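# give the three-dimensional model of this entry:
(4 chains)
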Amino acid sequence: MELVLLTFLPLLGALAVLCTPRAAEGLQRGIALATTLAVAVLGVKLFLGYDVPGGDGAATPYSFSLPWFQLPWRDGTPTQVHFSLAMDGISLLMVTLTAVLMPIVILSTWGHVEKRVKEFMVWMLVMQTGMLGTFLAVDLVLFYFFWEVSLIPLYFLVGIWGGEQRLYATVKFFLYTLAGSLLMMVAIIAILFDRGTSDLGELIAQLGQTPLEQQLWYFAAFALAFGIKVPLLPFHTWLPDAHTQAPTSGSVVLAGVLLKMGTYGLLRFCIQMLPDAAVAAAPWMMALGAIGILYGALLAWAQTDLKRLIACSSVSHLGYVVLGLFALTPAGLSGGMLQMVNHGISTGLLFLLVGMLYERRHSRALDAFGGVATVMPLFALFWVFTVLSSAGLPGLNGFVGEYLILLGSFQSSPLWSVIGLTGVIFGAVYLLMATRKMLFGACTNPENQRLTDLNAREIVLMLPLVVLAVWLGVRPNDFMGKVEPDLAEVGRRVAVARQSTAALEPVTPLTEGVAAR
Amino acid sequence: MPSHESHAWLWWIPLLPLLGSAIAGALHLATLRARHGDPQASAPASLAPWIACGAMLGSFVLSVTGFLELRELEPAARHLASTAHDWISIGGLDVDLGLLLDPLSSVMTLVITGVGFLIHVYASGYMKGDKGYGKFFAYLNLFVFAMLMLVLSSSLLGVFIGWEGVGLCSFLLIGFWYEKGWPAEAAQKAFVMNRVGDACFLIGSFLLIRLFDTLDLATIAHTVGSTVSFTDEQALDMSLAALFLFGGCCGKSAQFPLFTWLPDAMAGPTPVSALIHAATMVTSGIYLVVRLNPLFAASGWVLPLIAIVGALTALIGGSTALVQRDIKKVLAYSTVSQLGYMFLALGSGAWAAALFHVVTHAFFKALLFLGAGSVIHGMHEEQDMHKMGGLRKHMPQTYITFLAGAAALSGLPLLSGFFSKDEILAHAFANGGLYYGLWAVGALTAALTAYYTWRMVALTFFGEERFDHHHVHPHESPLVMTLPLMVLAVLSILGGVLGLPPVLHVPHLLAEWLAPVTDAGNKILAQSPGEHHLSHALEWVLLGLGSAIALGFAHTGFHAHRHGTAQDEFFARKRPTLAATLGDAWTIDSRYARIIVLPLRMLSFLIAVVVDQFAIDGLVNGTGRTARDIAQHSRRAVDGSLASYALWMGAGALAICALWMWS
Amino acid sequence: MNAQNLLQMFDANALRALAPLIALALGLVLVLFAGVFPLGRAVRATLVVASLAASAVLHGNLLLGGETPGKVLAGTFESSSTTAMWGLVFVASTLFAWLYSVRYYEEDAPFKNEHDVLMLATAIGMMLMAGARDLIVFFIGLELLSIPLYALAAFRRDRARSVEAGLKYFLLGAFAAGFFLYGSALVYATTGSLSLDTLADPAARAALGQPMALVGVALIAASVFFKVSVFPFHLWVPDVYEGAPTPVTALMATGTKAAGFAFLMSALVLLPASTATTVALIAVITMAAGNFGALAQTDVKRMLAYSGIAHAGTLLLGVAGAIHGDPSNGAPVQASLVYMAAYVATAAGAFGLLALLERDGGPTTLESLKGLAQRRPWVASALTLFMLSLGGIPATGGFLGKYLVFSVAVRSELTGFAIVGVLLSVVALGYYLRVIIAMYMQSPEHDANVSAPRPASAATTLASIVCAALVLATGVLPGWLLELT
Amino acid sequence: MNVPTAHLLYLSAGLFALGVLGFMVRRNVIVVLMCVELMLNAANLAFLAASRQHALEGKPALQGPVFAIFVITVAAAEAAVGLALIIALYRLKQSAETDAAAEMKG
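Numbering: from 1, shown residues only, chains lettered A, B, ... in the order given. Predicted coordinates:
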């Protein structure tokens, strides 16, 4: 029941906002903030109250299920679709991230959302329901339902409150992701027909037994949908456009949570549900991830628009996630999982900071800046902190995840790991280049000299993320401890799959096996 | 082990500077806030040096305590540890966060905190009046924290945390005067080049995990030391691990080919150059190799490779220092060169000698940097030696101490540098074969060192006063700056007692102290064939040769330049190409720009414009455009005419008939 | 067969089966008479609504009231729960169209009475089509639907476009009717029967395989394809939908299509399994034709006409699946029922809102929609909902229908066509989004041109709310609809 | 009267084709309407011919003529609506050509 409350509380908030008069903007902001704060409190409470289930894979602490509707299957036997939400460690982390990020996002809108506040808040809250539902749904149909529903709010957020090219960006984003998810729908239909159930738990138990070829078809459809969302090379070109055009808050949610829906889906469906296919496809996925890391970094390096640069860096960072997940080693899976959270925090912060700068200067072009550190020392402090966290400096959140990812992928494919490692170098290159051009040097432009430093609201809204960044960096176990048993279970399934398919075909042609382990 | 939890006080060694850093940082922020209201309220920041120096002093005292405690123990039992278990236990990676104080880390800790303290004191005078006063000490203390974590950590992951931490602080401190622009660029370059090394470090750590399933340094060293034989695959993995770790060291310790960031790093304030880019951070590579000496000893071909790289770096650094005009650049290239020496030592299997040189180098190079800083300070931020001259009259204390440092660096007999350098050359010579050549390179570099050191002394302190007397009034630095110089001068002169050569029949204190750590590596090396001992006579010969080279070239260098810049100008006129090549460090850096950076930059633009925008996004947008084109074309069928609609229908009916009949 | 037999055929069962039609017929006659007497608008409205409501109740009774009459009138008409559900769909479609027409003609339609009569007649025609077990009955139903629609399409007879729409629809409709008749004749000539049940016999099925019968079936199919606007018989749709009065367009888009598919699903016996691939191919081409056609439009009504073509294609894919053989019994029928039910609510609502907007000033173009979210927030949000439903986005009825139909296609091993189909629905979103973009994300270029919105009539408001509620209800809690079908 | 059924069917096919082709090529709406009538009557002919054939074979043969009667009735109704539409068109455009009703396209 907690989960239902958690998921639909934002929707209730949205309805409440809808009922306010259009001019009462303060009230609308207030309701939105209060709702998201309530969700955040609830989310943190769930996080703290979450007990790692016993090794026997007993029932998860939080779950909810209700028959939803019946779909035809075979010979008059229907398939019962459930409205079932459940939380395991994997979704726990994503849900908590979503819950914690949203109040921050709402608070950040004080600075940049001035028109049509009511609609904005409604869409934000609806989006939160969609995202939470996506992470919590344990029924294939329900998952798809939430998955697509969460698409619409961002479409409006970018389309109404975005920049100059917003229409192009938002349509591109929408159609691109939709194309992927529709193919996923066909796969879901096929799976339901195949298995007669849409329950994720049962499917996880059963789909491992379907022939590899069939699994691969499902895998392809799911991976395409998730790959577009992640976005994985070469399906990434919608992201820089969407990010650049989105309002700050939209960018933060997009980077912080929406992209994670893709990686979450890869983990949950492509790997956990289709282990054999995952093993067979792993070399390809790792290649895409590793090349994505390098490609995204080089792409970011060439950008002159600060926001676009960060967007491209997302491509690179999510390449890490994919590389780690499809290493299919315990370290890789855990690292990928951790990196999802890390990216949400670091890139969220980066977008917030760029947004704050944009609100003051109305420009994002790197050339327009220089010497900002002189006039905005606090901004510079937060920026450098965030850049370091994004670049994976030990002691901050980015490091442990990246290390585990690279270690995990090294264990299954040294080549791709080493290619991914170049991202460690180039990550520093483009981030520091941007930092240098923006913050350092002499502050000669009079427009920059007039800039004012961060105010209290801006500092307060970033602090939780800063604290999290340090906490995750110093004590990652506090977070990953809750996920480990579930990831270990996934790892076990994959290991079984690897053994069973190893006889059929070379799984990872580039590895010489994990020695001495 | 029960002893593991019992030394929790060890944590205070790194934590004190961290605390200091936090307080200093807070003070700086308070200054920032105050500055908004009140233009001259920098009062909070003036507390920062007290905090920072206090933290350093405390840390140093603790280090000394630790050292004394270690000495009480049996040599084999000399380790104090404190471990937080299961710091990371994620995805099969179980890492404990632990501190380990053993003879090796104890030496490093003493150097870091001791020399560090002196430099902090010096900096409190040097940086006075800078608007980032508080921030500077926050960074400096943070650096010390990271450096201590590097040397104290019991696991490779902990080392890496320190490793990157010092890199970060180096970045922050090099770019401390970011308004000027070029320090920021230098900082970026330093960080990125270090990252290249760090990437290698990571690969090395992965290989170690593959080999040993742990990152615990003691376990790794012990396992290698006690394993009799390795399979071919394991041996290859070990060599690769050593190679990649050495790659990491190349970045951090500025070895060829990754050394070019270090000269640029001189953009930072001089105390930073002294602390980070001479005494401590750049020696962390040497520390790491010594720490894992059994691994490197067992790594086969990697060891000679290290020696070659070291010798090459020493030569490049030494020859480049010959023609530099910037006093800090001379010292920077000198540092590169001396670091090369240390790696030559490591490559020769002379772990203790390398560390000995680390220690003496920390003394005299810190001294020289601080002295140079004092000069620069007195000369109103002038660094060009051609615009100095005759300063010995104006800053006598600086002059005297600088002389001590120069003498030690150039290896004048009986000074600290003499013994450590000689020990390295002797070890290299003893290895024979390829190492004879490396020895020759080392000896040549010793000659160059003596020359450029005394050229520097001559240009700075002797000859006519070449500066503009109207604007520059050289003056001696305050006591807070000269006092550390004096202490360091004493250490530079006497530091040699730590490692007197065997021919004198006195114990090599440092080697004995380090024996528990280096024994394993030495044992492995002893099993491999080759000449390992020099006869006493030969040692005497080598000592004599070393003294002769040092004295001779010091004399030459001093006298060639004591009368001004004529010699430099003559050389530049006579051999312009050579002068330019040397001046630009064999043009390696500019080659990087052309061969690596530029193509990558072009690749990046190529990807951004051609691949991403044109090809991939073009395909995406092209799909949309094609859809719209199809749409426009498909409109033509709907031409509004009844007859054509009927025609379509008739044709359609016919087609359906045909299809169904056919199927 | 003598008179005695004829009377015997009208037993209680037959009466119950035909009661929904009779209710409408009664209403029709009464409305016709009401026009003769100087009765107020309210009376006429009451009569229309009452007869539709009665029909709905009677259909509901058939659907939920236990055993259905089954085949009556010598097996020429069937009344099953399926036909009852179709009946409800037809009633809803007619009701929505009528509700939206209440204020539509205020100025220029003196014959509103006849308009209502014709609308009720079309509803009867639809029900006959859905229940027909005999080609003769189907033909009568078809014409009972079509002839009033010809007149309705041209109802604004002083407007050239309306007349053009009526004429085009009429001529091509008659042309298609000719196809149907000749096809029926060929089937009759080969098999000796026009009864769908007799044709299902093994002997008849064998006869249906003969070339002449195949030609006959193809001609019949062509004429039904014409009615439901399938490629290449769809070309009339944009012109007629655009020219016809918008409420009539709503009726054509929803009711006619529903009736056509109701017949297709019940006349599957005519189509041998070998035709499935062809039908699927036609379906996919239809989707492409509709979607690409719509992509080029700026007039929203015309765009929705093309969108209707695309939807017909989607449904036809379900038919193809049914022909190919879906291993789940009844699923194709259910899929098409749910799809049509959702589509009726969605398309009727969308066309209805266009009818409302037209009164603000001329045809509804993308240009005229700009800034609508500010002028008419509720209309804009409802239209957004309908667009998303047409696009098949979850939480709307359109998604459920799309999901079910593609399920049929996947289950009957037409996955390749399904994949092409879903990709084409991405194209569809391309133009549905344009409507939303205009309403929400663009502002009118000339503020002066935007006239103040006129208030919506109660009927329009009611219809829109009901449509939106249905769309959401089927989208979020589809259980009830799936139970009913 | 021994015209073979096949001949009658051929004739009806010819008439149907004639109607279809006429529909496609003629521009006058009235002529087009007549072509439709031709198609309908071709169907009627086929129905009756088939019915006769079935009767000859002793099978039930009532459906054909019944359908034909319905067709004639419906055709009348269609003609009524059709002529009304043509009048409406003529009133507006002073023309009864199909080209007069080709305003909407695209």
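# hey, let's count contacts and neighbours off CA atoms from now on
Will do.
# so where is the chain shaky, pLDDT-wise?
No chain was given, so I picked chain A. Within chain A, the stretches with pLDDT under 70 are A:53-61, A:501-517.
# nope, chain C
C:1-3, C:106-111, C:446-452.
# cutoff 80 now
Counting by pLDDT under 80, chain C contains low-confidence residues at C:1-10, C:35, C:38-41, C:66, C:106-112, C:327-329, C:360-362, C:445-454, C:485.
# show me the strands in chain C, by range?
Using DSSP state E, the strands assigned to chain C run over residues C:70-72, C:77-79.
# then chain A?
With DSSP E as the criterion, chain A has strands spanning A:62-74, A:77-87.
# one more: the stretch 1-150 of chain B?
B:80-90, B:93-101 (DSSP state E, counting those that start in this stretch).
# which helices and strands does the last one pack with?
Contacts defined by 3 or more C-alpha pairs under 8 Å, 6 or more residues apart in numbering or on different chains; DSSP states H and E place strand B:93-101 against strand B:80-90, helix B:133-152, helix B:156-174.
# and the one residue in the stretch 301-450 of chain B that gets nearest to chain A, how many neighbours?
In the stretch 301-450 of chain B, the residue found nearest to chain A is B:E381; the distance is 18.8 Å by C-alpha to the nearest C-alpha. As a burial measure, B:E381 scores 12 neighbours (other C-alpha atoms under 10 Å in any protein chain shown).
# likewise the one 10 residues further on?
Look at B:L391: counted by other C-alpha under 10 Å, it has 26 neighbours.
# state the pLDDT value of the closest residue to it other than its chain neighbours.
Distances taken as C-alpha to C-alpha, 6 or more residues apart in numbering or on different chains place B:F461 nearest to B:L391, at 4.3 Å, with adjacent residues excluded. The model reports B:F461 with a pLDDT of 90.
# tell me the most buried of the helices and strands packed on strand B:93-101?
helix B:133-152 (a mean of 29; mean count of other C-alpha atoms under 10 Å in any protein chain shown).
# could you pull up the mean pLDDT of that helix?
92.
# ok so, going back, so which of the strands of the stretch 1-150 of chain B comes closest to C:Y104?
strand B:80-90 (68.5 Å; C-alpha to C-alpha).
# does chain A have contacts with that closest one?
Yes: using C-alpha under 8 Å from any C-alpha of the partner chain, strand B:80-90 reaches chain A at B:87-90.
# tell me what angle that strand forms with helix B:133-152.
90 degrees (axes from the mean of the first three to the mean of the last three C-alpha atoms, to 10 degrees).
# what about the nearest residue to A:M102 once chain neighbours are set aside, how many neighbours?
Counting by C-alpha to C-alpha, 6+ apart, A:M102 lies nearest to A:T36, which is 6.0 Å off, once chain neighbours are set aside. For A:T36, the count of nearby residues is 28 (other C-alpha under 10 Å).
# equivalent analysis for B:W662, please.
Neighbour tally, B:W662, other C-alpha under 10 Å: 10.
# could you do C:L39 as well?
11.
# and it, how far is that from B:I400?
122 Å (C-alpha to C-alpha, to the nearest Å).
# kindly report the same for C:V89.
104 Å.
# more neighbours: which of these two?
C:V89 (29 against 16).
# need the contact list for that one.
C:255, C:258, C:340-341, C:344 (C-alpha atoms under 8 Å, 6 or more residues apart in numbering or on different chains).
# and with 10 Å instead?
C:56, C:59, C:83, C:95, C:123, C:126-127, C:254-255, C:258-259, C:337-338, C:340-345 (C-alpha atoms under 10 Å, 6 or more residues apart in numbering or on different chains).
# do B:M486 as well
B:M486 touches B:367, B:371, B:397-398, B:400-402, B:404, B:492, counting by C-alpha under 10 Å, 6+ apart.
# at 7 Å what do you get?
B:T401 (C-alpha atoms under 7 Å, 6 or more residues apart in numbering or on different chains).
# the strands of the stretch 1-150 of chain B into a markdown table, with extra columns for mean pLDDT?
Listed next are the strands of the stretch 1-150 of chain B as a markdown table, based on pLDDT from 0 to 100:
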| stretch | mean pLDDT |
| --- | --- |
| strand B:80-90 | 83 |
| strand B:93-101 | 87 |
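# now the ones you listed in TSV, with distance to A:A277?
Below are those laid out as TSV (distance: least, C-alpha to C-alpha, whole Å):
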stretch	distance to A:A277
strand B:80-90	25
strand B:93-101	26
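# what's the closest of the ones you listed to C:K71?
strand B:80-90 (69.2 Å).
# circling back to that earlier point, tell me, how many residues neighbour the residue nearest to B:L391?
25.
# enumerate the residues of chain A near chain B.
A:234, A:237, A:298-299, A:301-302, A:330-331, A:334, A:371, A:393-395, A:407, A:410, A:421, A:424-425, A:428-429, A:432, A:436, A:440-442, A:476-477, A:480, A:484, A:514-517 (C-alpha under 7 Å from any C-alpha of the partner chain).
# please spell out the ChimeraX selection for the buried subset of those.
Buried members of the residues of chain A next to chain B, defined by 16 or more other C-alpha atoms under 10 Å in any protein chain shown, are picked up in ChimeraX with:
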select /A:234,237,298,299,301,302,330,331,334,371,393,394,395,407,410,421,424,425,428,429,432,436,440,441,442,476,477,480,484
